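Enquirer: fold the following, please.
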Amino acid sequence: MQKPGWLPLLGLLTLLWVAAGAQAQEITIAPGAPIVVGVMTASYEGTATFGVASEHGVILAHEERASLRIGDAVFAIALDHYDTACDDATAAAAATNLVQEDRAVGVIGPNCSNPCLAVAPLFDEASFTSLSPSCSGPSLTEHGFRSFLRLANPNDRIAAPAIRYVKQATGIERLAILRQGDDPYYSGLGDAAAAEFAALGGEIVVDRTLSDDLDPALFLAEAQNAEADAIFCACHYDPATTLLELMAEQPLVFIGESHDWAAPLVARLGSAADGVYFSSDYPLVFPATRELAARYAEKFGARPLSPYFATGYDAYQLLLDAVAQVAALDDEGALHIDRAALNEALRSTRDVVGVSGQISCGENGECLTMPTAVLQIRDGKRFLLSVDIPEDLLDLIPDYGNLSCGNIRDEHQDGDFTSEHPAYTENRDRDQDGLACELDHGWE
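Expert: Numbering: from 1, shown residues only. Predicted structure coming up:
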């Protein structure tokens with residue numbers, strides 16, 4: 001995920017990098033002291049639902065696993081929270097503070113791609129390890145960072161299914177793309193959309209980057225002059241709102257960059273937001289994710305508004321599993337954790353079944369392949385249209401045999417089966433809308 005913004009000045013990052021360096025490669029925890037987990041999440045203008053969701057997922061995991069036994073000793077787990085505001089300079093300052101204090105065994109976060117890019121060199125220098133629940137810029141795992149791992153699909157896995165679905169459903173042939181600045185999140189989305197659309201035989205007639213010299217009105221005029229029949233907006237919901245307002249008289253098919261947009265678009269535009277398509281990571285096909293979502297609602301008073309509650313939860317569990325694997329007690333009862341060994345233990349994770357899917361970390365830091373979904377705003381709500389489930393994840397979905405929808409919902413907290421889902425049948429889709437055993441779990 002990403003909020004619009006630019007990387008901070010190189011001089012600032014260089015100063016922070018120097019300040020962060022020269023740290024010990026081993027962390028020592030005194031008897032009776034807690035194991036500290038850094039949490040770097042994003043909440044800006046009250047709208048960063050993905051940051052709130054992932055932080056709440058960490059809190060739920062901490063509630064059920066608030067201590068860790070190493071040998072005969074039990075160590076409490078303490079969370080050290082930082083709000084990065086989805087801002088690279090703020091995130092770099094938080095990372096510097098975590099490194100200088102040298103208390104945190106590892107870090108869950110950040111949420112946004114530019115902050116992930118900003119802090120990775122700092123964490124590399126200090127041999128820290130971070131697990132991001134939601135950073136999806138494709139280039140993040142191409143830089144060779146040792147500190148960075150993620151539990152989210154990169155953008156090419158998220159954008160491509162939406163392009164395929166919308167092209168088939170609407171017959172669009174000419175696409176205009178608007179990108180929000182030059183950063184890994186939006187660039188990745190735009191590149192993935194363009195590649196998939198071209199591969200399907202479509203034509204990219206306009207591809208522009210939003211800047212001071214190109215406002216949404218100029219882009220829309222260019223798209224209309226090029227006879228585009230659809231727009232892919234790899235951009236924040238502010239320019240998206242402007243585009244949709246301008247398109248009121250001449251509507252085009254509109255594909256948005258994230259499910260996280262929907263609430264602000266509906267709040268600003270009302271019924272004018274209807275019809276907008278989105279793509280998203282979608283772990284909610286798994287019963288374990290449904291159960292966690294129910295716990296989330298019970299504790300926080302509402303269902304999660306983003307899928308990244310599940311990856312926040314899994315990141316916490318993976319980090320503690322790795323700590324338990326490499327930590328050693330000395331004769332005085334102090335705990336010693338080698339940071340390089342911890343990083344290697346995380347990268348060696350294979351075939352762990354989490355609530356967000358099956359987790360196997362590669363050398364490049366990619367740890368998870370999740371199902372993806374295509375959604376659409378209808379009558380002010382998000383409606384699930386399609387779910388793409390990778391073949392190697394099908395074993396995580398139970399065979400419900402001849403159970404009724406009521407039994408499936410009550411006994412397994414499962415449902416919302418699209419026609420691509422193995423549990424979909426026409427008998428379960430009573431209203432024949434392509435969705436069987438419908439659920440109300442909040443963010444669709």
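Enquirer: and the residue nearest to Glu227 when sequence neighbours are not counted, how far from Gly201?
Expert: Residue nearest to Glu227 in three dimensions, not counting chain neighbours: Arg174, with 6.0 Å by C-beta to C-beta, 6 or more residues apart in numbering. Glycine gets a C-beta too; all of them are placed from N, C-alpha and C. Arg174 is 11 Å from Gly201, where distance means C-beta to C-beta, to the nearest Å.
Enquirer: who's more crowded, these two?
Expert: Arg174 (17 against 8; other C-beta atoms under 10 Å).
Enquirer: stretch 77-97: how far from the chain's middle?
Expert: 17 Å (C-alpha atoms, centre = their mean, to the nearest Å).
Enquirer: go on, stretch 64-80?
Expert: The answer for stretch 64-80 is 27 Å, by C-alpha atoms, centre = their mean.
Enquirer: now do the same end-to-end measure for that stretch.
Expert: 17 Å (C-alpha to C-alpha, to the nearest Å).
Enquirer: got a list of contacts for it?
Expert: 29, 31, 33-39, 58-59, 62, 98, 103-104, 316-317, 320, 323-324, 327-329, 333, 335 (C-beta atoms under 8 Å, 6 or more residues apart in numbering).
Enquirer: can you check stretch 356-364 too?
Expert: By C-beta under 8 Å, 6+ apart, stretch 356-364 touches 141-142, 149, 151, 283, 286, 289, 307, 310-311, 313-314, 318, 346-353, 367-371, 392-393, 396.
Enquirer: now it: buried residues?
Expert: Buried residues in stretch 356-364, counted by 16 or more other C-beta atoms under 10 Å: 356-359, 361, 364.
Enquirer: ok so, going back, ChimeraX command to pick out the buried ones of the contacts of stretch 64-80?
Expert: For the buried members of the contacts of stretch 64-80, the matching ChimeraX selection, counting by 16+ other C-beta under 10 Å, is:
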select :29,34,35,36,37,38,39,58,59,62,98,103,104,316,317,320,323,327,329,335
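Enquirer: now intersect the contacts of stretch 64-80 with the helices, please.
Expert: Among those, DSSP state H puts 58-59, 62, 98, 316-317, 320, 323-324 in helices.
Enquirer: if we take these, which one ends up nearest to Gly380?
Expert: Nearest to Gly380 among the ones in helices among the contacts of stretch 64-80, counting by C-beta to C-beta, is Ile59 at 29.4 Å.
Enquirer: quick one: the closest one and Phe309, what's the gap?
Expert: Ile59 is 10 Å from Phe309, by C-beta to C-beta.
Enquirer: kindly report the same for Leu218.
Expert: 38 Å.
Enquirer: what does Leu220 give?
Expert: 35 Å.
Enquirer: between the two, which is the more surrounded one?
Expert: Phe309 (34 against 22).
Enquirer: looking at the protein, which residue lies furthest from center?
Expert: In the chain, the residue that sits farthest from the middle, by C-alpha atoms, centre = their mean, is Asp331; the gap is 42.1 Å.
Enquirer: pLDDT of the host helix or strand of Ile408, averaged?
Expert: Applying DSSP states H and E as the criterion places Ile408 in helix 405-412. Averaged over helix 405-412, pLDDT sits at 84.
Enquirer: beyond that helix, next helix or strand please.
Expert: strand 417-418.
Enquirer: which elements pack onto that following strand?
Expert: With contacts taken as 3 or more C-beta pairs under 8 Å, 6 or more residues apart in numbering; DSSP states H and E, strand 417-418 sits against strand 381-388, strand 435-436.
Enquirer: the longest one: how far from the chain's middle?
Expert: A distance of 17 Å separates the C-alpha centroid of strand 381-388 from that of its chain, computed with C-alpha atoms, centre = their mean.
Enquirer: any buried residues in it, and which?
Expert: Result for strand 381-388 [16+ other C-beta under 10 Å]: buried residues 382, 384-388.
Enquirer: any low-confidence regions in the chain?
Expert: 1-24, 44-48, 182-183, 259, 419-420, 440-444 (pLDDT under 70).
Enquirer: let me see the domain layout of it.
Expert: 10-153+289-359, 156-281 (automatic domain parsing).
Enquirer: just the helices in this protein please.
Expert: 10-20, 49-64, 88-101, 113-126, 155-170, 184-199, 216-225, 237-246, 262-269, 287-300, 308-326, 339-347, 405-412.
Enquirer: I'd say Asp414 and Thr289 touch.
Expert: No: if you go by C-beta atoms under 8 Å, Asp414 and Thr289 don't touch, sitting 9.5 Å apart.
Enquirer: show me the contacts for the closest residue to Ala104 other than its chain neighbours.
Expert: Among residues not flanking Ala104 along the chain, Gly38 sits closest, at 3.8 Å (C-beta to C-beta, 6+ apart). Going by C-beta under 8 Å, 6+ apart, Gly38 touches 80, 82, 98, 104, 106-109.
Enquirer: same thing with Cys405?
Expert: 415, 428, 436-437.
Enquirer: rerun that using 6 Å as the cut-off
Expert: The neighbourhood of Cys405, defined by C-beta atoms under 6 Å, 6 or more residues apart in numbering, consists of 428, 437.
Enquirer: do Gly201 as well
Expert: Taking C-beta under 6 Å, 6+ apart as the test, Gly201 contacts no residue whatsoever.
Enquirer: dihedrals phi and psi, the most centrally placed residue in the chain?
Expert: Taking C-alpha atoms, centre = their mean, the centroid of the chain lies closest to Ser134, which sits 2.6 Å from it. Torsion angles at Ser134 (phi, psi; degrees, to the nearest 10) stand at phi -150, psi 0.
Enquirer: if I read this right, it contacts Asn153, doesn't it?
Expert: No: counting by C-beta atoms under 6 Å, Ser134 does not reach Asn153; the two are 9.7 Å apart.
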